[in-house]
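Student: sequence isn't available, so here's the structure alone:
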């Protein structure tokens with residue numbers, strides 16, 4: 001638990017540095033976090049104590065290697081990021097970029113912003129709801145319906161983001177977005193249950209590394 005708290009607090013510190021750094025920049029349409037966002041993600045701290053009672057882990061370096069817990073999940077996220085990059089930037093028709101699109105930010109600020117954003121999404125779309133549900137069902141009838149509860153929680157938390165971010169455009173692109181969005185989120189829920197929250201977060205960070213950060217670098221320095 002001590003290790004989990006130290007890592008979580010280091011995440012909060014990193015996000016706070018990003019806020020200070022962002023405020024020092026003079027860039028048009030810069031997306032800025034506020035310190036209220038730090039208070040928001042701090043809500044996750046009490047749930048770290050619930051995870052063991054829900055048969056979940058924040059980090060598991062006792063049974064898992066760094067390759068299993070971080071590297072492989074990150075590579076899975078990178079695959080989803082490359083798919084989005086291919087489909088949206090090279091297949092889907094769009095006008096030539098004349099400025100950074102809203103899904104990118106100037107580098108290296110983008111590292112801070114999208115890490116913070118990934119943490120926030122994983123807390124409120126994954127850690128908190130799944131932890132609450134599994135904690136309750138782990139107590140209910142001695143965990144008789146624990147696996148069924150996870151399946152329902154995984155489905156519900158996995159469909160939320162694709163539905164909230166459903167794009168416009170051709171029908172095939174809407175279908176693509178729903179399928180890949182659900183698939184990535186469900187894999188994150190699976191890795192959260194079978195490995196750790198860090199594994200789930202690593203998948204999203206791998207996706208963001210390609211789609212938000214690397215894509216922003218390419219557009220900023222090679223397209224504009």
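Tutor: Now that the structure is in, tell me what you want to look at. Owing to the predicted nature of the structure, the values given are computational and were not obtained by experimental measurement.
Student: leaving out chain neighbours, which residue sits closest to residue 104?
Tutor: Distances taken as C-beta to C-beta, 6 or more residues apart in numbering place residue 216 nearest to residue 104, at 3.2 Å, with adjacent residues excluded. Just so you know, the C-beta spots here come from the backbone N, C-alpha and C atoms, and that holds for glycine as well.
Student: from residue 103, how far out is the one you found?
Tutor: According to C-beta to C-beta, to the nearest Å, residue 216 stands 8 Å off from residue 103.
Student: kindly report the same for residue 126.
Tutor: Residue 126 sits 21 Å away from residue 103, taking C-beta to C-beta as the criterion.
Student: looking at the two, which one has more neighbours?
Tutor: A count of neighbours by other C-beta atoms under 10 Å puts residue 126 above the other of residue 126 and residue 103, at 25 against 14.
Student: quick check: the residue nearest to residue 104 touching residue 108?
Tutor: No - contact criterion C-beta atoms under 8 Å: residue 216 and residue 108 do not qualify, at 10.1 Å.
Student: higher neighbour count, the two?
Tutor: More crowded of residue 216 and residue 108, by other C-beta under 10 Å: residue 216, with 21 against 11.
Student: which helix or which strand is home to that one?
Tutor: Secondary structure from DSSP states H and E places residue 216 in helix 215-218.
Student: helices or strands next to that helix in the packing?
Tutor: In this structure, helix 215-218 makes packing contacts with no helix or strand, judged by 3 or more C-beta pairs under 8 Å, 6 or more residues apart in numbering; DSSP states H and E.
Student: quick one: average pLDDT of it?
Tutor: Average pLDDT, helix 215-218: 96.
Student: can you give me how far that helix is from the chain middle?
Tutor: Relative to its chain's centre, helix 215-218 lies at 19 Å (C-alpha atoms, centre = their mean, to the nearest Å).
Student: contacts for it, please.
Tutor: Here helix 215-218 makes contact (C-beta atoms under 8 Å, 6 or more residues apart in numbering) with 85, 89, 100, 103-107, 110.
Student: most surrounded residue in those residues?
Tutor: Result: residue 105 is most packed of those (other C-beta under 10 Å), 25 neighbours.
Student: contacting residues around that residue?
Tutor: By C-beta under 8 Å, 6+ apart, the contact set of residue 105 is 30-31, 113-114, 212, 216.
Student: now do 6 Å
Tutor: 31, 113, 216 (C-beta atoms under 6 Å, 6 or more residues apart in numbering).
Student: from these, pick the one nearest residue 76.
Tutor: Among the contacts of residue 105, residue 216 lies closest to residue 76 (C-beta to C-beta), at 21.3 Å.
Student: what separation is there between that closest one and residue 42?
Tutor: Distance, residue 216 to residue 42, by C-beta to C-beta: 28 Å.
Student: again with residue 28
Tutor: In terms of C-beta to C-beta, residue 28 sits 31 Å off from residue 42.
Student: repeat for residue 207
Tutor: For residue 207, the distance to residue 42 (C-beta to C-beta) stands at 24 Å.
Student: please say which of the two ends up with more neighbours.
Tutor: Each of residue 207 and residue 42 has its neighbours counted (other C-beta under 10 Å); residue 207 has more, 25 against 14.
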